[in-house]
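J.: Take this sequence and fold it.
(chains A and B)
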Amino acid sequence: MDYPDFFLRGISGQNHVGDDDTISGAVFHFGGKDNVEERNDDYNEESIFWKDDEEAITLILSQKKVSGDLQFKVGAVVVNRKKVDNVIKVILEEEKLSYERKPDPKNPNNKYHGNLLLKKSTSNMRMKNIAGMLAECCDKLIRQKKG
Amino acid sequence: MNQEYEMLNNRLYFKDKDVVSTEFNTCSSENLEQNSRTENKIKTSNGIESTDKLWFISPSNVDVFQQYTNLNEINNTSVKKQVESFLNRFQSILSYNKGYLTDLGKLPPLKIVPNVHDESVLVEWIFKNFRIGFSFEKNESDSSWYIVAQNEINTSNSFGKINNEKIDGLLNSFLIFVIGNV
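T.: This is a model prediction of the structure:
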């Protein structure tokens, strides 16, 4: 499957970004509370939006929770897929990291939706290390407009 | 532990005895210039002060602690203790080696992010092309570190568990890396 060169990862925590737009590795931690539905394969997943076009940015920034509040209060970060591919090469031997394009069951019309995938067998230490590597793959932070 | 970290160790030249005291909560005053330190409480992002003593470096670019998160937000006692001890060690080593650091321009602040899901705390020192991370876990033996460098062509990565008995050497290695790569 062909993938665009970039994907987006939404950011909700104010402390996940610095004043200088640095991105915490915590943005890419797997196994957070959003992972409510277990996959029936060997992977944990974290949602991403594939940046097929600019509409993907509009959509992720406007995504709302059931409560009506913005899902990603801080904004979204643009992640360079080629850099992620380099990360995958580093850990290829264990085949622990991957990605996919897959509709969100809660919003099946979202054609941009996909997942980062990490093998469930990955140790917590390794997961946090990989999250740090993924954070280094970020090219640009897009903040929500104030007001 | 992979080759890159061994390489870092090969470049290590700080002497442990010169770097820090063995006490966690205070660093040796012999290793600090009298006019360059003040004893402050931890200033937090919301203005609340932690009760824990840390030696702070007054001047400018070596102060990487200006964006402290509120350590009182760390609920897990074990994690909080680890973070406080780590920050003391780190502060002490930075302080002693500030002569090597003052020419580097303003160093980025430490970024401290509590994880409500697993009660861990992530401490990162994020530079333009690399980052150094420390993850402090509920079970202290699971706490870990990493150093990651990334560009369009490749990724360099090292990681391992935090061994408190060797934390000074690890921090010195990272400091050498920072000095050589900023």
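J.: Give me the distance between the spatially closest residue to residue B:162 that is not a sequence neighbour and residue A:56.
T.: The spatial neighbour of residue B:162 that comes closest, neighbours along the chain excluded (C-beta to C-beta, 6 or more residues apart in numbering or on different chains), is residue B:143 at 4.4 Å. In this view, the C-beta of every residue, glycine as well, is placed from N, C-alpha and C. Per C-beta to C-beta, to the nearest Å, residue B:143 is found 37 Å from residue A:56.
J.: residue contacts, the residue nearest to residue B:162?
T.: Residues counted as contacts of residue B:143 (C-beta atoms under 8 Å, 6 or more residues apart in numbering or on different chains) are B:82, B:134-137, B:161-162.
J.: ok, now with 6 Å
T.: B:136-137, B:162 (C-beta atoms under 6 Å, 6 or more residues apart in numbering or on different chains).
J.: can you check residue A:12 too?
T.: A:72-73.
J.: Residue A:142 versus that one, what's the distance?
T.: On the measure of C-beta to C-beta, residue A:12 and residue A:142 end up 14 Å apart.
J.: ok, now residue A:49?
T.: 11 Å.
J.: quick one, which of these two is more surrounded?
T.: residue A:49 (24 against 17; other C-beta atoms under 10 Å in any protein chain shown).
J.: residues contacting the residue of chain A at minimum distance from chain B?
T.: Relative to chain B, the nearest point of chain A is residue A:136 (3.6 Å; C-beta to the nearest C-beta). When contacts are counted by C-beta under 6 Å, 6+ apart, residue A:136 touches B:148, B:150.
J.: so where's chain A uncertain?
T.: Within chain A, the ranges that satisfy pLDDT under 70 run A:32-37, A:92-95, A:147.
J.: For it, what lies in contact range of chain B?
T.: For chain A, the residues in contact with chain B (C-beta under 6 Å from any C-beta of the partner chain) are A:15, A:18, A:22, A:24-26, A:32-33, A:83, A:86-87, A:90, A:125, A:128-129, A:132-133, A:136.
J.: Buried only: go through these for me.
T.: A:15, A:18, A:22, A:24-26, A:83, A:86-87, A:90, A:125, A:128-129, A:132-133, A:136 (16 or more other C-beta atoms under 10 Å in any protein chain shown).
J.: Can you tell me which of these end up in strands?
T.: Among these, no residue falls in strands (DSSP state E).
J.: Out of those residues, list just those in helices.
T.: When DSSP state H is applied, those are split such that A:83, A:86-87, A:90, A:125, A:128-129, A:132-133 fall in helices.
J.: Show me the two of these that sit farthest apart.
T.: Pairwise distances across those (C-beta to C-beta) peak at 21.8 Å, for the pair A:83 and A:125.
J.: Tell me which stretches of the chain form strands.
T.: Since you didn't name a chain, this refers to chain A. Using DSSP E, strands in chain A cover A:6-11, A:43-50, A:75-80, A:97-101, A:113-119, A:138-143.
J.: Wait, chain B was what I had in mind.
T.: B:37-43, B:49-57, B:110-114, B:121-126, B:130-136, B:144-150, B:155-161.
J.: what does the average pLDDT come to for the fourth one?
T.: It stands for strand B:121-126. In this model, strand B:121-126 has an average pLDDT of 95.
J.: partner strands of it, parallel or antiparallel?
T.: strand B:110-114 (antiparallel), strand B:130-136 (antiparallel) (DSSP bridges).
J.: Least confident of the ones you listed, on average?
T.: Among the strands paired with strand B:121-126, strand B:110-114 scores lowest, with a mean of 91.
J.: Mind exporting the C-alpha coordinates of that strand to CSV?
T.: Extracted in CSV, the C-alpha atoms of strand B:110-114 (Å, rounded to 0.1, in the frame of the first residue of the first chain):
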residue,chain,number,x,y,z
LEU,B,110,14.3,19.8,30.7
LYS,B,111,10.8,18.7,29.8
ILE,B,112,9.1,16.8,32.6
VAL,B,113,5.8,15.0,31.7
PRO,B,114,3.9,12.9,34.2
